[in-house]
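Participant: Need the 3D shape of this:
(chains A and B)
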Amino acid sequence: MPPRIHLRPRALRVRISRPRSPIHHGYASLATATTPAPPIEQTYRSAPPILRYPPTQPPSHKPPETRKSQLHRQYQSLLRSSPLLLLFQHNNVKAIELMSIRRELASALEKVDTERAKNGQEPFAEEIKLQVIQTGIFASALRVIEFFNPQDTTLDHAQHPTDPRTPTSAQIPNTSNDAADERFTHGLSRRAHEAASNRKLKSELEPLLSGPLAVVAFPSVSPQHLKTVLSILSPSPDFPAPKRRTNPDYHEPAVQSGLQKMILLGARVEGKVFDLEGTRWIGGIEGGIDGLRAQLVAMLQGVGASLAGALEGASKSLYFTMEGRRMDMEEKEKPAEEKKE
Amino acid sequence: MLTRFLTEVRVKFNPFSPRSKSARLFLTLIPPNARATGMKIEAKMLPRTSKEPASLDVKFRDGKELSLDIDKMRITEVMEQVDRHSRMLARKEELSGN
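Facilitator: Numbers count the residues shown, from 1 in each chain, chains lettered A, B, ... in the order given. Reported below is the predicted structural model:
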């Protein structure tokens, strides 16, 4: 039978190798508990002021619990997180029509994703949805996104200890629980509201934002997905709708009558605004961003080859001239030598 | 707005012009089942750079055609103009007892 108690030779060795010597002793007054070193940021920045509110809920300008405020916040995050956004006008689309359009869109995008999965690209069709928006709140959120860009974080308000103006007993003002505090940088803050309500600033997308609107937001600029969405929601000769034979569901009266009432107005692509034709142009980019990269690489390679050719050509021609000259001179010398003899 | 007497609506607008607002709002006033009941609706979008003003062409059931320069009108004014003829048609229909 093996022994019940497992021997741990390494543990024994440690104890043996460090015998307490009777000579070695320390002063009790010098014994200190080791504390971990402060984080590197605290060595050049004083501790941030105490928060008087939950860190996830900074005070907002308008009452935050209302539906309007929450939609505002939601639209801001939608605008920040989606580089490609299509804007549609929907004119009295019935609920059943909207539902069937959404179903068609989802099934078409799923097909694109299975294709992408074969190539090893990540799928994101589930995040592309047709969403009806509140126009006024969306317009306001867009203004906040475009015109309010706070640069500093809350930690920047702490004074720098090497700043000569900072006495050791300096009082760092605490961030107060008041919405009027200048230091709040979130989208619902009073500063954001004031920046967005400046009527002198005009957003490019502003004229589009009236009437009933719906958006289709993409988590990344993917012409492949955009192409599918365009062929479903606003078919054109470049982006033909699926044939009746391949996709009979698409040609149901509920879908078709709903699509007749949807108008594509424009798109917002990475902060820039495109009209109908611009949107179709983006949808027509072959192979998406990778395709564009491949084109660029091919072009640069071509440039490199021709540059090398040009440089080589100059030296080659110089070589040929010099060689020609040498031959010429040798020929001239030879007959002279012959004459001397 | 009375839309029973309209047989054809043709709208052309540039969505990036702030004056095309009433053209777009006119489209929203058309009831959801209008196309199913035989109304022809055409909405044409102009490119962003075009300076062409928005236009609205309406045909009534009795054959009258109305074209409005919608880019200088508010939506209430457009509704008034269209309703003026529609109300006449409605009164005629009522008097003839149909």
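Participant: got the residues of chain A near chain B?
Facilitator: A:89, A:91-94, A:97, A:206-208, A:210-212, A:257, A:260-261, A:263-266, A:273, A:275-278 (C-beta under 8 Å from any C-beta of the partner chain). Where you see a C-beta, it was placed from the backbone N, CA and C, and this is true even at glycine.
Participant: Report the buried members of those.
Facilitator: Neighbour counting with 16 or more other C-beta atoms under 10 Å in any protein chain shown marks A:89, A:91, A:93, A:97, A:206-208, A:210-212, A:257, A:261, A:263-266, A:273, A:275-276, A:278 as buried within the residues of chain A next to chain B.
Participant: Out of the residues you listed, list just those in helices.
Facilitator: Counting by DSSP state H, those place A:97, A:257, A:276, A:278 in helices.
Participant: from memory the second one sits against A:Ile96, does it?
Facilitator: So the one you mean is A:Ser257. No - using C-beta atoms under 8 Å, A:Ser257 makes no contact with A:Ile96, being 9.7 Å away.
Participant: quick one: the residue in the stretch 201-341 of chain A that chain B sits nearest to and A:Ala95, what's the gap?
Facilitator: Using C-beta to the nearest C-beta, the closest approach of the stretch 201-341 of chain A to chain B is made by A:Asp275 at 3.7 Å. Separation of A:Asp275 from A:Ala95 (C-beta to C-beta, to the nearest Å): 30 Å.
Participant: Could you do B:Ala23 as well?
Facilitator: B:Ala23 is 26 Å from A:Ala95, by C-beta to C-beta.
Participant: picking up where we left off before, rebuild the ones in helices among the buried ones among the residues of chain A next to chain B as CSV, extending it with pLDDT.
Facilitator: Listed next are those as CSV, based on pLDDT from 0 to 100:
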residue, pLDDT
A:Glu97, 92
A:Ser257, 91
A:Leu276, 87
A:Gly278, 87
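Participant: Going by distance to B:Arg91, which of the residues you listed wins?
Facilitator: Proximity of these to B:Arg91 (C-beta to C-beta) peaks at A:Ser257, which lies at 31.6 Å.
Participant: what's near enough to touch the closest one?
Facilitator: Contacts here follow C-beta atoms under 8 Å, 6 or more residues apart in numbering or on different chains; on that basis A:Ser257 touches A:97, B:35-36.
Participant: circling back to that earlier point, what sits against the closest residue to the residue of the stretch 201-341 of chain A closest to chain B other than its chain neighbours?
Facilitator: Excluding its sequence neighbours, the residue lying closest to A:Asp275 (C-beta to C-beta, 6 or more residues apart in numbering or on different chains) is B:Arg48, at 3.7 Å. Applying C-beta under 8 Å, 6+ apart, one finds that B:Arg48 lies in contact with A:266, A:275, A:277-278, B:14-16.
Participant: Mind picking the two most distant members of the residues you listed?
Facilitator: Greatest spatial distance among the contacts of B:Arg48 (C-beta to C-beta): A:Gly278 and B:Asn14, at 13.5 Å.
Participant: Hmm, A:Leu105 is touching A:Ser231, no?
Facilitator: No - contact criterion C-beta under 8 Å: A:Leu105 and A:Ser231 do not qualify, at 10.4 Å.
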